[in-house]
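K.L.:
The sequence isn't on hand, but the structure is:
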């Protein structure tokens, strides 16, 4: 396989080459990992930069509709848009592409749009690096915007924030005292909050929800990477394609400010370091993924839960097993 | 060293035995880790249970005064109180005990109180398990309440929540639009918010701050472990020892509810599993702590930050070094 040739094809906008390269970086096979390393190095040499936007939403916030409308608006503005889904809880592979294409029917038919789910695995805190690599490949392929959508539970939002330049949280309008389904921890990493469904009967509820979240955001400590008066909450309607330009302008002004203040570059550097450490860390934790050690971990978890073993005693049993044979650490 | 003898002494309330046992579990020496494992097993066999309270506060919230007043109130109620400080950013050892004793002068003189800082180290996400073990020893020593105070930056609050039954966040009253120094992510793990300094000129500001946080808490999703109408925000005065009993009653009612609903037991089980996995995880990551590998990690971080290497390429260099010699994994 001629890695430089593939990298060039990707840079020239060859979709098939991009899709195959993504399949390559998503593979866990050791030889594929080595080829991926070379490919990502070649891609990095090409040196293209997109705006990477992370997007998370509460159930019922209308995330698919938003991505479709927001993506269409960007495409109409002459921008090329890639959409990647991050789901650390799932091991599904390309099989759900069809699902994503149905979900975003108009966008998937655009030649300037590219939609791809990114499968991933995690075990014992060893999170996926694959999605970060997929984002880097999309950047090389010349997309102006890479939208990283979070799917599933747990860490997906934190991970999406670790691979994007700006993180948006999509919410539905809440009525009165009604509880919002905002997962604890997500609001904390949001750079902008978008209250969707600001249309028809829900318009005034959306405005109220906006005000509530603006108030809540003011109670949090301002981060160095926040421009004056940010993070903001904005009401939008994905269905009627209203205020999506406002949202986009706000995002751009945050990005511009961060670029001029050095925060953009700093965030990318820190993210590269994060994924480097993550690669080392999860390669080490992969030593636990043999069937024998997996079952030892399960037994340990069971014995500490029912009080048979203390955590340290249970851990020592696993470590003895680890030391009993020689393993190679591989990425 | 007769481990069972030491465990018995601790259970009989021998302070010197407890202090020495804490020094033992805090030691990184392999033979000390083995003895610690045996000691914790013996301690677990004694089977005592305290109420473990985590406490974090924004700078200037008056945490030391609160712990002193709150601790004194508990002692006056006939309870035995241990105070442990968790600081993952520090490697300080017993040296700061004096500092803690000056900080909580009255409490440190009480025979039914015990104050101890817990040093800890972390590298590459390998967080401390020591403090969890110190808490377990204090429980064995017959303390009714173990207060785990978070010190320093970063993960300390999350860790304190992982070793306690209830997590309290202490805040100062805020004037009008003034920004609170609440670290992003902390409010999310709080089971109760205490607004301190509700006295004198600040009394009405404290009430307003309480209302603000009550509103913000309502915007977050209710967790299964939250009783109806919780988490709450409560105004207290540590200086004038006002409403501390209210705070304590609220904490007790949360604990009682969680005990009757099974959440208390479940949380303890999950925490035991967390610390078991953490022990395995950080033992693996300790392979990176030789001088040679530390400098390889530093070089890798530098080369990805300035773009010389991609994260995966930099990681592969570290992994090659790891494979080049045979290492034992130790707890």
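P.N.:
Arrived safely, thanks for sending. Quick caveat: nothing in here was measured; it's all calculated off a predicted structure.
K.L.:
what about the lengthiest helix in chain A, near chain B?
P.N.:
Using DSSP state H, we find that the single longest helix of chain A is helix A:263-285. Yes: applying C-beta under 8 Å from any C-beta of the partner chain, one finds helix A:263-285 touching chain B at A:269-270, A:272-273, A:275-281, A:283-285. Yep, even glycine has a C-beta here, placed from its N, CA and C like the rest.
K.L.:
C-terminal to that helix, what's the next element?
P.N.:
Sequence-wise, the next helix or strand downstream of helix A:263-285 (DSSP states H and E) is helix A:291-305.
K.L.:
how big is the angle separating that following helix from helix B:263-285?
P.N.:
140 degrees (axes from the mean of the first three to the mean of the last three C-alpha atoms, to 10 degrees).
K.L.:
roughly how far is helix A:291-305 from the heart of the chain?
P.N.:
On the basis of C-alpha atoms, centre = their mean, to the nearest Å, helix A:291-305 sits 30 Å off its chain's mean C-alpha point.
K.L.:
Now that helix: buried residues?
P.N.:
A:293, A:296, A:297, A:300, A:301, A:303, A:304, A:305 (16 or more other C-beta atoms under 10 Å in any protein chain shown).
K.L.:
And for stretch A:2-13?
P.N.:
A:3, A:6, A:7, A:9, A:10, A:11.
K.L.:
for residue A:111, helix, strand, or coil?
P.N.:
Following DSSP: H, G, I helix; E, B strand; the rest coil, residue A:111 is assigned to coil.
K.L.:
What distance do you get for it to chain B?
P.N.:
For residue A:111, the distance to chain B (C-beta to the nearest C-beta, to the nearest Å) stands at 29 Å.
K.L.:
Could you do residue A:79 as well?
P.N.:
25 Å.
K.L.:
wait, is that residue part of a strand?
P.N.:
No: per three-state DSSP, residue A:79 lies outside any strand segment and is coil.
K.L.:
give me the subset of the buried residues of helix A:291-305 touching chain B.
P.N.:
Applying C-beta under 8 Å from any C-beta to these, those adjacent to chain B are A:297, A:300, A:301, A:304, A:305.
K.L.:
Next, count neighbours for the residue nearest to the second one when sequence neighbours are not counted.
P.N.:
Distances taken as C-beta to C-beta, 6 or more residues apart in numbering or on different chains place residue A:314 nearest to residue A:300, at 3.9 Å, with adjacent residues excluded. Other residues near residue A:314 number 28, with proximity taken as other C-beta atoms under 10 Å in any protein chain shown.
K.L.:
Buried residues of the strand or helix carrying residue A:314, list them for me.
P.N.:
When elements are assigned from DSSP H and E, residue A:314 belongs to helix A:311-324. Neighbour-count burial for helix A:311-324, counted by 16+ other C-beta under 10 Å, picks out A:311, A:312, A:313, A:314, A:315, A:316, A:318, A:319, A:321, A:322.
K.L.:
which residues touch the second one?
P.N.:
Right, the one you point to is residue A:312. Contacts for residue A:312 (C-beta atoms under 8 Å, 6 or more residues apart in numbering or on different chains) come out as B:33, B:36, B:37, B:40, B:129, B:133, B:275, B:276, B:279, B:331.
K.L.:
which non-adjacent residue is nearest it?
P.N.:
residue B:37 (4.6 Å).
K.L.:
and the one you found, what does it touch?
P.N.:
A:310, A:312, A:313, A:316, B:331.
K.L.:
got JSON lines for those residues, with pLDDT too?
P.N.:
What follows is the contacts of residue B:37, written out as JSON lines (pLDDT from 0 to 100):
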{"residue": "A:310", "pLDDT": "94"}
{"residue": "A:312", "pLDDT": "91"}
{"residue": "A:313", "pLDDT": "93"}
{"residue": "A:316", "pLDDT": "92"}
{"residue": "B:331", "pLDDT": "61"}
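K.L.:
now those in TSV, with distance to residue B:244?
P.N.:
Shown next, in TSV, are the contacts of residue B:37 (distance: C-beta to C-beta, whole Å):
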residue	distance to residue B:244
A:310	34
A:312	36
A:313	39
A:316	42
B:331	40
